[in-house]
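K.L.:
Requesting a structural model of the entry that follows:
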Amino acid sequence: WPCWGKPEIRHPGTANLYSTGLHVMDGGSPFRARFGVERNGETLLAEGSYTKGSELTDGYPEFTMAVLQKLGWDKDLTAEEHSIIEKIGADMGGIGKVSWSTDLSGGIQRVVLSHGCHPYGNGKARAVAWNLPDPVPIHREPIYTPKVDLVAKYPTYPDAKQFRLPNIGFSV
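P.N.:
The predicted structure is shown next:
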């Protein structure tokens, strides 16, 4: 887990996430580039790090049809895959916006894997998660803990609305 592409691709799965020493078709994977390509003027894409056998030897964003077209890899799609991507793109405001995760043909994943790259991109690992309540994760004792003596030392978050839902762990 995870296995990529349609069953006929026969991806073996990824035994160890973020293993760049293997080709992607042998289970290798870089860090995800899911958080954009830049923050505060600094690149979030990997620099000089890539999976074994990758045709791209630096960081790259999540794959979309626009990225495939820029690389010229869109020519590797079958006519059927291209047709499905065009239909999806019509609903998304353009074929270039279709990503590996919205492509129902599986073509983008198939092509990207065949070039030794990973569909979700190749980014840097984050030590600071700026979009989480604790940018640098700290221990917070679970609400239903068998070690109630640790709750005072490692309290949960104050009651707040998070991700559209109320978090009332502190009250609980």
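
K.L.:
I'd like the next helix or strand past the helix-or-strand element of the chain with minimal mean pLDDT.
P.N.:
Least confident helix or strand, the chain: strand 160-162 with a mean of 83, by mean pLDDT, DSSP states H and E. As assigned by DSSP states H and E, the chain's next helix or strand after strand 160-162 is strand 165-167.

K.L.:
looking at it, residue 114 is touching residue 76, isn't it?
P.N.:
Yes - contact status for residue 114 versus residue 76: in contact at 6.7 Å, counting by C-beta atoms under 8 Å. For every residue, glycine as well, the C-beta is placed using N, CA and C.

K.L.:
Let's verify the residue of the chain most remote from its centre: helix, strand, or coil?
P.N.:
Here the chain reaches farthest from its C-alpha mean at residue 149, the gap being 37.8 Å by C-alpha atoms, centre = their mean. Taking DSSP: H, G, I helix; E, B strand; the rest coil as the rule, one finds residue 149 in the helix state.

K.L.:
This protein: strands as residue ranges?
P.N.:
Taking DSSP state E as the test, the strands found in the chain are 38-39, 42-43, 160-162, 165-167.

K.L.:
quick one: which of the ones you listed is nearest residue 50?
P.N.:
Closest approach to residue 50 among those (C-beta to C-beta): strand 42-43, 14.3 Å.

K.L.:
List the contacts of stretch 133-144.
P.N.:
127-129, 147, 150-151, 153-157, 162, 169, 172 (C-beta atoms under 8 Å, 6 or more residues apart in numbering).
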